[in-house]
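Novice: Dropping the sequence and predicted coords here.
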Amino acid sequence: MKQIIKFSLNGDSVELEIESHLTLLQLLRDKLELTGTKEGCGMGECGACTVLVDGKTVNSCILPAMEVNGKSVTTIEGLTDVQGNLHPIQKAFIEYGAVQCGFCSPGMVLSAKALLDENPKPTEEEIRHGIAGNLCRCTGYLQIVQAIKAASGQT
Amino acid sequence: MKKFDYLKPKTLGEALTLFTKYGEKAKLIAGGTDVIVMIKQKTMAPDVLVSLQGIPGLDQIKLNGSLSIGPMVTHRAIEKSEIIRKNFSALTDAADYLGSVQIRNVATIGGNICTAAPSADTATPLLVLGTQVKIKSLKKERTVSIEEFFKGPGETVLEPGEIVQELLIPKLLPNTGSAYYKLQRRLALDLPLLGVSVLLSLDKDKITCSDMLCTASPISSILHKMEEDNVVCKEVRIALGVAAPTPWRAVKAEALLRGKKLSDELLEEAAEAAATEAQPRDTIRGEAWYRRDMIKVMVKRMAMKSIERVVQPEATVFPERLW
């Protein structure tokens, strides 16, 4: 079964016909060729596929694409500004060495963005609770927490 | 992943019609954090998914004497609800530690109980809160208690064509506190080894220590003071998850406490009774003997946490910081 889906993707309006069993991750990577969003476990456990839907984090690997109809989706590609400058959270990740292999980074950055949008000055515990759904197999959590703290203007 | 059609009805009536029309070929999908995983794992193979997302009226939390929770309310919305945090704290404890932010933003309370895992985080809080489940099909409406709702692992009383329409928590007695503890190996994204919920209602009139001493004291001192003041436990409910094929109430343990004068020894006795009554299993997450020992510990702790919440209703809810 094919269905029309229309939604906002990184600020641009998108309308296309898709097979109705696609996950949002399949739609983003395979149909729209936005490969910044990663597939890790594919079961909603590792958070590598995290994107924002109406500003909230979701695991795109287990979200039916049809559910973003009429909504606004932000992927890691949508985080830079119009001049192509990195988002302050991305800059902080670089500065604090919060990126090792980089596979968890897109999801981690988006979880950090959703956290800071809701809670601009989180405590370290709130940061850890906020990114608990993003696994880093390099286990560089300390630098990630430091980077998010720095991006929130706290040192 | 298996192909399926994805239908998005706009009203509950339309959803009931579609769900009935496709019968066994169709499954309902709420947040999908269980359904899509089960389809990927090939433990479920529907031809049609009928989505309940976006149907107006199913995602509301309303306090009007009793508390009404729509089945499509997400765990994140429960976690953030001040009404629930203040009055129905056990449910906040459960929502706060279910999955991750990503899961809680999507997963719904209706989905959690309909999947009916013995480990469902919201099940034991709903049990101690005395929840009624309103169910609707094209033909009829009915209400069952949450105790009756669970029939076995993954099994509920829902008949073909039936949809959970609303969860209703009746008004609680004054001076009631409740708490849930999820015993898990890590603090996020884990299934519980054990889920323990307790609700206690006290005849608070008799507590003379409503002053500095009580609000600043450790809970064990408060309990001791209550014992001296003959504080009576008017109502009590104890529910356990992952301790039997379904989430269930430890009624024998409750009977030991109900209408009795509170004391440390009595809480211990009730906790012991709950552990004896339970039927935990050996699984990869933990062995039965360990679960049984921990039931004893956690029932007492959650009873104490409930008392603490009666005395200090504004206290922050962070179960892991309690002891």
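Specialist: Ah, there it is. Residues are numbered from 1 along each chain as shown, chains lettered A, B, ... in the order given.

Novice: Contact residues of chain A facing chain B?
Specialist: By the rule C-beta under 8 Å from any C-beta of the partner chain, the part of chain A lying against chain B is A:1, A:3, A:19-21, A:23, A:42-45, A:47, A:50, A:56-59, A:62-64, A:66-67, A:69, A:111, A:114-115, A:129-130, A:132-135. Just so you know, the C-beta spots here come from the backbone N, C-alpha and C atoms, and that holds for glycine as well.

Novice: Are any of those buried, and if so which?
Specialist: The neighbour count (16 or more other C-beta atoms under 10 Å in any protein chain shown) marks A:3, A:19-21, A:23, A:42, A:44-45, A:47, A:50, A:56-59, A:62-64, A:66-67, A:111, A:114-115, A:129-130, A:132-135 as buried among the residues of chain A next to chain B.

Novice: before we move on, what SS does residue A:116 have?
Specialist: Secondary structure assignment for residue A:116 (DSSP: H, G, I helix; E, B strand; the rest coil): helix.

Novice: Just give the number of residues close to it.
Specialist: Look at residue A:116: counted by other C-beta atoms under 10 Å in any protein chain shown, it has 19 neighbours.

Novice: residues touching it, list them.
Specialist: A:89, A:122, A:148, A:151, A:152 (C-beta atoms under 8 Å, 6 or more residues apart in numbering or on different chains).

Novice: can you rerun that using 7 Å?
Specialist: When contacts are counted by C-beta atoms under 7 Å, 6 or more residues apart in numbering or on different chains, residue A:116 touches A:151, A:152.

Novice: now do residue A:3
Specialist: A:17, A:18, A:20, A:66.

Novice: try 10 Å this time
Specialist: Contacts for residue A:3 (C-beta atoms under 10 Å, 6 or more residues apart in numbering or on different chains) come out as A:16-20, A:22, A:65-66, A:69, B:5-8.

Novice: Same question for residue B:59.
Specialist: Taking C-beta under 10 Å, 6+ apart as the test, what residue B:59 contacts is B:30, B:52, B:53, B:69, B:70, B:71, B:72, B:73, B:74, B:77, B:108, B:110.

Novice: State the phi and psi torsions of the nearest residue to the first one once chain neighbours are set aside.
Specialist: Leaving out its chain neighbours, the residue that sits closest to residue B:30 by C-beta to C-beta, 6 or more residues apart in numbering or on different chains is residue B:111, at 3.7 Å. In this entry, residue B:111 is assigned phi and psi values of phi -60, psi -40 (degrees, to the nearest 10).

Novice: Read off the pLDDT value for residue B:111.
Specialist: You'll see residue B:111 listed with a pLDDT of 98.

Novice: same thing with residue A:56?
Specialist: So, for residue A:56, pLDDT stands at 98.

Novice: Can you get me a residue count around the closest residue to residue B:249 other than its chain neighbours?
Specialist: Leaving aside its chain neighbours, residue B:249 sits nearest to residue B:239 (5.1 Å; criterion: C-beta to C-beta, 6+ apart). By the measure other C-beta under 10 Å, the count of residues near residue B:239 is 29.

Novice: and if you look at residue B:120?
Specialist: Counted with other C-beta under 10 Å, residue B:120 comes out at 27.

Novice: before we move on, what about residue B:260?
Specialist: Count around residue B:260 with other C-beta under 10 Å applied: 15.

Novice: so it makes contact with residue B:227?
Specialist: No - the criterion here is C-beta atoms under 10 Å, and residue B:260 misses it with residue B:227 at 11.2 Å.

Novice: Outline the domain layout of chain A.
Specialist: A:2-78, A:88-151 (automatic domain parsing).

Novice: Can you identify each of the strands in chain B by residue range?
Specialist: Using DSSP state E, the strands assigned to chain B run over residues B:5-7, B:26-29, B:48-51, B:61-64, B:66-69, B:132-136, B:141-145, B:150-152, B:155-156, B:163-169, B:176-183, B:194-202, B:233-241, B:248-249.

Novice: Can you classify whichever residue of chain A sits closest to chain B by secondary structure?
Specialist: When scored by C-beta to the nearest C-beta, chain A has residue A:133 as its residue closest to chain B, at 2.3 Å. Classification of residue A:133 by three-state DSSP places it in coil.

Novice: can you pull the pLDDT of it?
Specialist: 96.

Novice: My guess is it contacts residue A:45. True?
Specialist: Yes - here residue A:133 reaches residue A:45: they are 8.3 Å apart, a contact under C-beta under 10 Å.

Novice: Find residues that contact each of the two.
Specialist: A:59, B:99, B:100, B:102, B:103, B:189.

Novice: Tell me how many other residues crowd the residue nearest to residue B:30.
Specialist: Residues near residue B:111, counting by other C-beta under 10 Å: 25.

Novice: cool, and residue B:237?
Specialist: Neighbours of residue B:237 (other C-beta under 10 Å): 25.

Novice: Which residues are in contact with it?
Specialist: Counting by C-beta under 10 Å, 6+ apart, residue B:237 touches B:90, B:124, B:127-130, B:176, B:178, B:197-201, B:249-251, B:253-254, B:257-258, B:306.

Novice: filter the residues you listed to the buried ones?
Specialist: B:90, B:124, B:127-130, B:176, B:178, B:197-201, B:249-250, B:253-254, B:257-258, B:306.

Novice: what residues are up against residue A:79?
Specialist: Residues near residue A:79 by C-beta under 10 Å, 6+ apart: A:10, A:36, A:52, A:85-90, A:106, A:109-110, A:113.

Novice: Those in strands, which ones?
Specialist: Secondary structure from DSSP E places residue A:52 of those in strands.
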